[in-house]
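Enquirer: have a look; sequence and predicted model below, questions after that.
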Amino acid sequence: MARGREALILLIDVGPSTHGVLPEVESVCSMLVQKKLIFGKSDEVGIILFGTKDTDNDLEKEVGGYEHVVVKRNIKVVDVDAVDILQNLPRGTGNGDFLDAVIVGMDMLIKKYGITNKGKQRLCLVTDAKHPIKAPSEGTKEDQVHIVCQQMQDHGMRLDCVIIRENSSETASQKIIDENDFLLRLFTEKTKAKAIYVSNPTALLGALRTRNISPVTVYRGDLELSSTMKIKVWVYKKTSEEKFPTLKKFSDKAPPTDRYATHEVKMDFEYKSIENPEKIVPPEQRIKGYRYGPQVVPISPAEWEAVKFKPEKSVKVLGFTDASNIMRHYYMKDVNIFIPEPGNTKAIVACSAIARAMKQMNKVAILRCVWRQGQGNVVVGVLTPNISCKDNIPDSFCFNALPFAEDIREFQFPSFSNFPSSWQPNEQQQEAADNLVKMLNLAPDDKEEALQPDFTPNPVLERFYRFLHLKSRLPEAEVPSLDRSLKRITEPDPEKLSECKPVIENFRTQFELKENPKKKKSSKRAWREKSSVSDEEVGADSKVPENGSAKLIENSSPEKVQKIGDLNPVQDFEAMIARRDSSKWVRKAIKEMQDYIYNLLENSYEGNTYPKAIECLVALRRGCILEQEPKEFNRYLHHIYEKWKTTDLVDFFNLIASKSITLISKSEAADSEVTEEEAKNFPVKTELYGDSDSRSQILTS
């Protein structure tokens, strides 16, 4: 057998007690084999069923015993037949003895590989472990497990156990269950084995790892706490995003009889000169160019290399801080794990001492990391202690990358307390909303978490691989409907919805739902006849009535407004500040509305633009309150007042005073630095400007 191939034997309990979850077992195991067809097509797979009515295995024929164990498929290179077997598992009638199944599987591996292929032999056991294990003719069950464990170690075998413990009405002896759990625990302590307990069929999907990815170190070197204190560490990736496989182009030009055809499509590019389109430019005469305005600036590889930042490979501690200062949402990218250098006792003791001290003091470390020599960027992150609960596993650290200033995106949301009273929920509505949120909790305190991250696979990827397998067998096949196992993840649990129906109905009755019809774009003539906020709608306190504020939603267009236009400036402004796809739109909307008002006043003739300017100013004030930008409005009002207080625009400021449009005070926006008294007294009095015949008045502060 070639180096790198894995030999896997699936040991599946098909006894009566597992019949309820066999559809999920079939789905998970067939998915495992399908992935091997894609990622490990040279791997070998065998299938053993136990708890069956019949018996068919070599050990039963040679030495007797080992009843109700059937070798459904001998160990051979994975193929579609293995998938077919797993998709149609028979239902057994006998009690499953998982120890018999493990021994039969070991016997198959030993007979095929002997002492070779160590570390590449794996047994995968799926059972509920509710039935008693037969007592051996000599010694105890514990002694028998010790012998089996020794054999597994000698031949480099691994054992993965998935134990299904549903909360069913079926009664099983707790004594038998405890004994079986003890025996399974012995496997995990004495060999390279792990046991995973799942309580529902959904968790089965994630319990069996369909792909084994060999860990590769990201960094090996010193963890520098100071110039004189360094600890040897290895850094691995702990988590990584699983992405869709790269779908390469396939060529069908090769003849079907060509066994060695790769069907690979290679792409090549030719570069030609603009002056001479017939001439192909060779690679040594090409240079990359980068646009800078209308020009293209050529930069050679040598120039790039000269200006490149080349930090030295190192991992340095910058300092320590309280864990409460690093929020969970600061974490970026994947998680790495720092472990002391294997076999280095001093490094293990040092890491353990620092990790336990950090844990005791609730501290984390801030690190500057350059994983490899010549790396083009520096990573700053937080190191969190990870205290081990097992004696044979040393303490370690988890590392999360932290954002730089340019990585942070500030999305500002207005406070609910600034909305009109008609928008505020009453006590009954608030209680109904709270109950609805509590109902949606997948991890309530009194129950187990519904979709545990460790046991819940990505449903999109799972469905992709299943459809890929179907398409390989039936090229004309359509996308099938979701099967039961994926429906449990992607669709709401019917039992959960049934239990919480009163909560949903109560929420529905507390809130009146109205259809928001799509409004037609208003014409220029219609805008002249009726503006968004008329002079009568602006109250004496410069605040828009509640029904006027609602126009922020009612008049908003489903189209994403890019700038403020002349047709509906107020509606454009409201639509822009309502956008949440980027934080830039609030600042852009405020700046454009300020410029728009400025232009209206600059080009005013005998006050013909004053009503429209007042309307826009009111909308600007309201938007700055909602978006917590009071300083922008107050600064702007001061600016236009200082610029035009001694000009012929004095009538506009009189109009502002009559409408009581004031600065935004602290009571209206928490970020404001203006008190209510200062806001009310801006402007505070009137004075005559010019000679007595002009009768022109201006407002001064």
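Expert: Noted; the coordinates are in hand. Residues are numbered from 1 along each chain as shown.
Enquirer: any low-confidence regions in this structure?
Expert: Within the chain, the segments meeting pLDDT under 70 span 1-4, 167-172, 201, 208-212, 519-559, 683-701.
Enquirer: show me it divided up by domain.
Expert: 6-207, 219-241+313-404, 412-450+493-511, 548-699 (automatic domain parsing).
Enquirer: export those domains as CSV, with columns for distance to residue 256 and mean neighbour count.
Expert: All C-beta atoms are positioned from the backbone trio N, CA, C, and that covers glycine. Output for these, formatted as CSV (distance: least, C-beta to C-beta, whole Å; neighbours: other C-beta atoms under 10 Å):
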stretch, distance to residue 256, mean neighbour count
domain 6-207, 19, 18
domain 219-241+313-404, 38, 16
domain 412-450+493-511, 49, 12
domain 548-699, 51, 17
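Enquirer: for those, give me TSV that also has distance to residue 477.
Expert: Supplementary listing: these in TSV, determined by distance: least, C-beta to C-beta, whole Å:
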stretch	distance to residue 477
domain 6-207	14
domain 219-241+313-404	29
domain 412-450+493-511	28
domain 548-699	38
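Enquirer: and of those, who's closest to residue 274?
Expert: Smallest distance to residue 274 across the domains of the chain (C-beta to C-beta): 32.5 Å, for domain 219-241+313-404.
Enquirer: quick one: end-to-end distance for the closest one.
Expert: 22 Å (C-alpha to C-alpha, to the nearest Å).
Enquirer: related to what we said a few turns ago, closest to residue 265 out of the domains of the chain?
Expert: Taking the domains of the chain one by one with C-beta to C-beta, domain 6-207 is closest: 19.1 Å.
Enquirer: which stretches in the stretch 101-250 of the chain count as helices?
Expert: In the stretch 101-250 of the chain, the segments counted as helices under DSSP state H, counting those that start in this stretch are 141-154, 174-190, 201-207.
Enquirer: do the stretch 401-550 of the chain as well
Expert: For the stretch 401-550 of the chain, the helices defined by DSSP H, counting those that start in this stretch cover 427-439, 459-473, 484-490, 494-499, 501-510, 524-529, 546-549.
Enquirer: wait, which of the ones you listed is closest to residue 378?
Expert: Closest to residue 378 of the helices of the stretch 401-550 of the chain, according to C-beta to C-beta: helix 459-473, at 32.8 Å.
Enquirer: can you tell me the SS state at residue 383?
Expert: In three-state terms, and counting by DSSP: H, G, I helix; E, B strand; the rest coil, residue 383 is strand.
Enquirer: I'd say it and residue 363 touch.
Expert: No - if you go by C-beta atoms under 8 Å, residue 383 and residue 363 don't touch, sitting 9.8 Å apart.
Enquirer: just send the helices of the stretch 401-550 of the chain back as TSV, with distance to residue 5 too.
Expert: As requested, those are exported to TSV (distance: least, C-beta to C-beta, whole Å):
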stretch	distance to residue 5
helix 427-439	50
helix 459-473	21
helix 484-490	29
helix 494-499	44
helix 501-510	53
helix 524-529	74
helix 546-549	69
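Enquirer: closest one to residue 596 among the ones you listed?
Expert: Across the helices of the stretch 401-550 of the chain, closest to residue 596 is helix 524-529 (C-beta to C-beta), at 14.4 Å.
Enquirer: still on that earlier bit, what's the closest of the helices of the stretch 401-550 of the chain to residue 286?
Expert: helix 459-473 (38.7 Å).
Enquirer: what residues does the closest one touch?
Expert: 31, 34-35, 37-38, 80, 83, 205, 242, 244, 477, 479-480, 482-483, 486, 489-490 (C-beta atoms under 8 Å, 6 or more residues apart in numbering).
Enquirer: and what of stretch 64-73?
Expert: Stretch 64-73 has contacts (C-beta under 8 Å, 6+ apart) with 15, 45-60, 81-82, 85, 92, 94-97, 100-101, 103-104, 108, 134.
Enquirer: again, 6 Å this time
Expert: 46-52, 54-57, 59-60, 85, 94, 100-101, 104 (C-beta atoms under 6 Å, 6 or more residues apart in numbering).
Enquirer: can I get that stretch in PDB, CA atoms only?
Expert: Below are the C-alpha coordinates for stretch 64-73, written out as PDB (Å, rounded to 0.1, in the frame of the first residue of the first chain):
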ATOM      1  CA  GLY A  64     -16.300 -19.300  17.200                       C
ATOM      2  CA  GLY A  65     -18.200 -16.600  19.000                       C
ATOM      3  CA  TYR A  66     -18.400 -13.100  17.500                       C
ATOM      4  CA  GLU A  67     -22.100 -13.500  16.700                       C
ATOM      5  CA  HIS A  68     -24.300 -10.900  15.100                       C
ATOM      6  CA  VAL A  69     -21.300  -9.300  13.400                       C
ATOM      7  CA  VAL A  70     -21.400  -9.200   9.500                       C
ATOM      8  CA  VAL A  71     -18.500  -8.000   7.300                       C
ATOM      9  CA  LYS A  72     -20.500  -6.200   4.700                       C
ATOM     10  CA  ARG A  73     -17.500  -5.100   2.700                       C
END
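Enquirer: how far is that stretch from where the chain is centred?
Expert: Here stretch 64-73 is found 45 Å from its chain centre; the criterion is C-alpha atoms, centre = their mean, to the nearest Å.
Enquirer: which element is the spatially closest residue to residue 627 that is not a sequence neighbour on?
Expert: What sits nearest to residue 627 in space, not counting adjacent residues and going by C-beta to C-beta, 6 or more residues apart in numbering, is residue 586, at 5.1 Å. Remark: residue 586 resides in helix 584-602, with elements defined by DSSP states H and E.
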